[in-house]
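Novice: What follows is a predicted structure for the sequence shown.
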Protein chains: 4
Amino acid sequence: MIRVGVVGALGYGARELIRLLGMHPEAELVAAADLESGKRLDEVLPSFGKITDVVTEPFDAEALAGKCDVVFIAVPGTKSMAIGAALRAAKIKTIDQGPDFRLKDTAAFAKYYKTEHTAPHLLDEAVYGMAPFYREAIRKAELIAAPGCYVMSALVPLKPLADVLDPGYPVIMNAISGISGAGRAAHEAFHFPEMNENLKAYKVAVHQHTPEIEQELGNRVPVQFAPHVGPYTRGILSTITVRLTEDVDLAERYACYADEPFIRVLGEGKLAEIRNVRASNFCDFGWVIDERTGHLIIVSAIDNLCGGTAGMAVQSMNIMFGLDERCGLTYGGMAP
Amino acid sequence: MIRVGVVGALGYGARELIRLLGMHPEAELVAAADLESGKRLDEVLPSFGKITDVVTEPFDAEALAGKCDVVFIAVPGTKSMAIGAALRAAKIKTIDQGPDFRLKDTAAFAKYYKTEHTAPHLLDEAVYGMAPFYREAIRKAELIAAPGCYVMSALVPLKPLADVLDPGYPVIMNAISGISGAGRAAHEAFHFPEMNENLKAYKVAVHQHTPEIEQELGNRVPVQFAPHVGPYTRGILSTITVRLTEDVDLAERYACYADEPFIRVLGEGKLAEIRNVRASNFCDFGWVIDERTGHLIIVSAIDNLCGGTAGMAVQSMNIMFGLDERCGLTYGGMAP
Amino acid sequence: MIRVGVVGALGYGARELIRLLGMHPEAELVAAADLESGKRLDEVLPSFGKITDVVTEPFDAEALAGKCDVVFIAVPGTKSMAIGAALRAAKIKTIDQGPDFRLKDTAAFAKYYKTEHTAPHLLDEAVYGMAPFYREAIRKAELIAAPGCYVMSALVPLKPLADVLDPGYPVIMNAISGISGAGRAAHEAFHFPEMNENLKAYKVAVHQHTPEIEQELGNRVPVQFAPHVGPYTRGILSTITVRLTEDVDLAERYACYADEPFIRVLGEGKLAEIRNVRASNFCDFGWVIDERTGHLIIVSAIDNLCGGTAGMAVQSMNIMFGLDERCGLTYGGMAP
Amino acid sequence: MIRVGVVGALGYGARELIRLLGMHPEAELVAAADLESGKRLDEVLPSFGKITDVVTEPFDAEALAGKCDVVFIAVPGTKSMAIGAALRAAKIKTIDQGPDFRLKDTAAFAKYYKTEHTAPHLLDEAVYGMAPFYREAIRKAELIAAPGCYVMSALVPLKPLADVLDPGYPVIMNAISGISGAGRAAHEAFHFPEMNENLKAYKVAVHQHTPEIEQELGNRVPVQFAPHVGPYTRGILSTITVRLTEDVDLAERYACYADEPFIRVLGEGKLAEIRNVRASNFCDFGWVIDERTGHLIIVSAIDNLCGGTAGMAVQSMNIMFGLDERCGLTYGGMAP
């Protein structure tokens, strides 16, 4: 059994990780570090009653290294740099579910996250935890930067087209996220009566996942990203409009995903829906070609907490520890 | 009191009209034609108990002309051509909430609605019922074609920019509608457990509101329209990405709306939300300019049933009958 | 025109009042007192753009009395005692949408609201603002205590049966409220992802509306009240199980409501639904008699913000000022 | 590996079963019988792409018996009698997720289900699939009748109190179910815009789960059951008001559940919420004692599709096949 620790146990990314570990046949949660230390996890999160009896503890990298085989970090963005550095200093395998180790360009990090990077020495070591593209590196990695949720929904359909994206024509990406993406902190903007039956855009043109998408597409094409938040809890639907420099056979381009366990290519005219990926590790996508305009419009869907965060992270863990990649992740979409 | 009739009384567009008329100080519902004729409206639609005692009747244009000052048509698309023709033959003022009299180009109508137009002789007479742009024509009109819901959310921000939209660069419009836009007919796709917590695109690049937007923008620029439907009942949020041929002062361009009673220009950096227009006749919009890409991204919001359908239609009625345009429409957005 | 002031302009009860006044043909909002004074109301509440240009001001009873014909209080429970006292001292007609002036028994007030009443001298003067039962007193009232939302849904069906409720058998009332009932303050319990798809009971057997229902039923029968909150914004559905001491003809008992403008008696076997009263001032109810157990089970529905709070308050205002009671309140239920 | 077949593969109960089997380490879906035979399951239910490649087939009891170790029936009520009889004739272990084999009293069945029972010879053999109470019988069973969803939420808290329920005082049970409980068939009543933001009662005093609860409580006390449906997909919250004949120590009564893997006794003053059991096999409950009335009010929560249907059925399968009861069911509640 892989002994798993988690730092930041009460946030939504951590809760999803704990939920997944409850069913994982080869891994178990053995430690949880959080501010409310000294309490049973299931006292604070009653949904885990009779699932775990772990008691939260203050963060101590050495202590975690002593009893865990791997530690997941699930804290808000910019808070994992220091934690990750401490864990790596303690020589424990680390999987960061946050953004701190994703961008190779510290200037871009500073610009989008409004703070300097405090552990740039780890950026070379950090492997981008997107199994379809970095499987071999993940196998040997000691530090994983799990991809951003929006990024996942963009890269899966776009990466196989990276060389034919028209550099003179930004990728237009409109995405709508469920509100769990905003995290667990109560805020007037996400108070139920304010957000129910509501829908809005936010951080248009300045969202911090923009440089991450651009980086992974080779920094050839700008990404015009307009994120939205809608009245539901889980899932991201991304609608991406691109112009290609040449005619390509899309089915052939996407044939690379035939054996990917968690990517489902729906094909032309078949558009992804959130319900089919809800609470699962899948990324679905399909597309439409508009002969009138020459545009390719792709619609992709993921569950932002599972396939977009904790599920992807567990998939990386499975690879790091030589397990079947699908281990503990074979639920279909929860529909309904 | 203006005596109002409605044809197709049970659909959502009609229900919203009846709801609005319940509060209108100068108009009242006196007749309702529908298939389930012979029943009290409030028996079929119990939300209108003690609001109306109208009994539904079979459609008879002459009969309606005899007792109404104006008749609204609220039937599914392609079903109002014949009804409108009969009503106009009976010389009754007619407001069609559906699409049949909006497109001037019958070829485009046939292409997008998959049927030939049967009353093309009325297309010249039909006035597009968008008060901000056709107020004078509406005043004298006998036949109004109320705009499509998506169209409303596009034209309000785009029409003042029509001359500076880059013709080589399609308008990219992503919009998300509440499910009431799909009408009242039960269908597996809109069964509550299928659509709750779900979100999906549909009719990407082929939606019938596309040529209507293009027509009203002067057919200079193609519109790349990706409609979506999300897990809420009312409202449309449209995110529109455009490239302009020259720098313009947007505040100046939009100054034309200062006295429009139902258009609220939020300004730069202020993005519209559905909650602020819910159950109201308002169209809100704001925008972001991305210096990196040179794009202008506009976000607009309407209530698809009120500001996008029945409210707009009532506004036209007010103008046709010489009332204050705001009469019966001065509710703020229902938030919460 | 009746000049209306409101104290506590940003809460949900006040917002609904302002929304209703936007359409009221004989009343208009002229003043709004709130903590965030000095700001335009529509800056803080953008849903009211182009509806009101009132600027919020600090609370000053004399100032309000100078420019208003009536002032509504819309502040959290226990906060209106002092405000109401100041307003009455300034001799201005006052309508309190909160609970402070409802209970005649100050001991019950202290027990359920955990604080002593600071203005008991006003309790005699205060008229319970439930038009169907206190219409004549309202007409002459200077101080109205608008009923609690849950209470409204209970009293309408129960009051005509008060004399035949079995005193040895508590009224069992289970009610579910939309989350707007919890007010506008953000709190983890009502953070969208926590409450969406959730449902829970709260304050079972200790809710402060219990003594109010009991008082209005003559304090003959205990009320066993279990309130719940569910994943929607507006509306209360109450399911009430009672045992009667004798067979009564319910249709006859409820005939008293035939001319009530906002009470709709659905009859036996017809159960109320929230959708039919949404955003309206109506209270609907119907019932089932279970021959097996001898129980009468009543299901009633209101909109907690309109029929349960602001709508009722406006109805009282209409009566106080000699207007048609229905004035500004004749919307049917918003379905959908 | 246990080879599992399912009859009625497209309904919500079956979908949940298939979802659970996707993660079950000791069981796999090998056959699915349904009307739309000849299609891949994942073509009809795209949420199961890359999870199963089973092709649906027409129902044939012998064929299923030849390739399965156990067959689950997931068809609408009254449709499983014939299927169950055929499966038992083919000597295959059978787990019926529907109601047909639950009631021992065929007269009650005929009354509540409006049809005669066609396989009464199987009622003796059928074991009620509620592990906490019938574990030993389940171990040896060949035919399981999995409990009704509402029933589960009632019996868990009530069964340990069965002997002290006051026979002169009906159990008052108000329950609210998510809309998935209504099944997958589209119907105007459950069309998204009709049911969103809505809440209603149905089948008050006549719901078919009533006699099932009464049977399992020993037919000593009548149950006054008012079911409701609310605007969410999954979960049942039941609020149950009872009077006991004597003071009992509830903690002691409920100590029997200490080792039950899927029952969580929250204790006095702690009320269950749907979010904590969502998508899990748990039943949570807590209670309040009202000194004023002498009533005990219990609030319990389950997920109607998992803990209330498929999860319970899988738990029975685990017991029948000698597996750890928790096998494949150890997810915590999905919150959020």
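Specialist: Happy to help now that I have it. Numbering: from 1, shown residues only, chains lettered A, B, ... in the order given.
Novice: tell me which parts of the stretch 101-250 of chain A are close to chain C?
Specialist: Within the stretch 101-250 of chain A, the positions lying close to chain C (C-beta under 8 Å from any C-beta of the partner chain) are A:178-180, A:182, A:184-188, A:190-197, A:231-233. C-betas here are computed from N, CA, C, even on glycine.
Novice: Intersect those residues with the contacts of chain D.
Specialist: Checked against chain D using C-beta under 8 Å from any C-beta, those yield the following neighbours: A:Ser180, A:Glu197, A:Thr233.
Novice: ok, of those residues, which one's closest to D:Ile289?
Specialist: Distance to D:Ile289, by C-beta to C-beta, is smallest for A:Thr233 among those, at 34.1 Å.
Novice: could you list every residue that touches that closest one?
Specialist: For A:Thr233, the contact set (C-beta atoms under 8 Å, 6 or more residues apart in numbering or on different chains) comprises A:Gly178, A:Ile179, A:Ser180, B:Glu197, C:Phe192, C:Pro193, C:Asn196, C:Glu197, D:Pro336.
Novice: And the helices in the stretch 151-300 of chain A, which stretches?
Specialist: A:192-195, A:210-216, A:250-253 (DSSP state H, counting those that start in this stretch).
Novice: Please disregard the earlier target; I meant the stretch 1-150 of chain A.
Specialist: Using DSSP H, counting those that start in this stretch, helices in the stretch 1-150 of chain A cover A:12-23, A:41-44, A:61-67, A:80-89, A:106-113, A:131-140, A:149-158.
Novice: Output those helices in JSON lines, with mean pLDDT, distance to C:Phe109 and mean neighbour count appended to each entry.
Specialist: As requested, the helices of the stretch 1-150 of chain A are arranged in JSON lines below (pLDDT from 0 to 100; distance: least, C-beta to C-beta, whole Å; neighbours: other C-beta atoms under 10 Å in any protein chain shown):
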{"stretch": "helix A:12-23", "mean pLDDT": "97", "distance to C:Phe109": "41", "mean neighbour count": "25"}
{"stretch": "helix A:41-44", "mean pLDDT": "95", "distance to C:Phe109": "35", "mean neighbour count": "18"}
{"stretch": "helix A:61-67", "mean pLDDT": "98", "distance to C:Phe109": "53", "mean neighbour count": "17"}
{"stretch": "helix A:80-89", "mean pLDDT": "98", "distance to C:Phe109": "51", "mean neighbour count": "22"}
{"stretch": "helix A:106-113", "mean pLDDT": "97", "distance to C:Phe109": "52", "mean neighbour count": "16"}
{"stretch": "helix A:131-140", "mean pLDDT": "98", "distance to C:Phe109": "63", "mean neighbour count": "16"}
{"stretch": "helix A:149-158", "mean pLDDT": "98", "distance to C:Phe109": "50", "mean neighbour count": "27"}
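Novice: could I get the contacts of A:Thr233 as a markdown table with pLDDT?
Specialist: Shown next, in a markdown table, are these (pLDDT from 0 to 100):
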| residue | pLDDT |
| --- | --- |
| A:Gly178 | 98 |
| A:Ile179 | 98 |
| A:Ser180 | 98 |
| B:Glu197 | 98 |
| C:Phe192 | 98 |
| C:Pro193 | 98 |
| C:Asn196 | 98 |
| C:Glu197 | 98 |
| D:Pro336 | 95 |
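Novice: From the ones next to chain D among the residues of the stretch 101-250 of chain A next to chain C, pick the one nearest C:Phe285.
Specialist: Closest approach between those and C:Phe285, by C-beta to C-beta: A:Glu197, at 25.7 Å.
Novice: ok so, going back, just give me the closest of the contacts of A:Thr233 to C:Val30.
Specialist: C:Phe192 (35.2 Å).
Novice: What separation do you get for that closest one and B:Val30?
Specialist: 44 Å (C-beta to C-beta, to the nearest Å).
Novice: which one of those two has more residues nearby?
Specialist: The residue with more neighbours, out of C:Phe192 and B:Val30, is C:Phe192; 28 against 18, by other C-beta atoms under 10 Å in any protein chain shown.
Novice: doesn't A:Pro193 make contact with that one?
Specialist: No: taking contacts as C-beta atoms under 8 Å, C:Phe192 lies outside contact range of A:Pro193: 9.2 Å.
Novice: so, in contact with chain C or not, stretch A:273-281?
Specialist: No: Stretch A:273-281 is not in contact with chain C by C-beta under 8 Å from any C-beta; minimum separation 11.2 Å.
Novice: Could the C-alpha coordinates of that stretch be exported in CSV?
Specialist: Provided in CSV are the C-alpha atoms of stretch A:273-281 (Å, rounded to 0.1, in the frame of the first residue of the first chain):
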residue,chain,number,x,y,z
GLU,A,273,-21.2,17.6,-22.1
ILE,A,274,-20.3,17.9,-18.5
ARG,A,275,-22.7,15.2,-17.3
ASN,A,276,-20.7,12.5,-19.1
VAL,A,277,-17.5,13.3,-17.2
ARG,A,278,-18.9,14.4,-13.8
ALA,A,279,-17.1,13.0,-10.8
SER,A,280,-14.7,11.1,-13.2
ASN,A,281,-11.2,11.4,-14.5
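Novice: any bit of it sitting next to chain B?
Specialist: Yes: using C-beta under 8 Å from any C-beta, a contact is recorded between stretch A:273-281 and chain B, made by A:Glu273, A:Ile274, A:Arg275, A:Arg278.
Novice: Quick one, which of those residues are buried?
Specialist: By neighbour count, with 16 or more other C-beta atoms under 10 Å in any protein chain shown, the residues of stretch A:273-281 next to chain B hold A:Glu273, A:Ile274, A:Arg275, A:Arg278 as buried.
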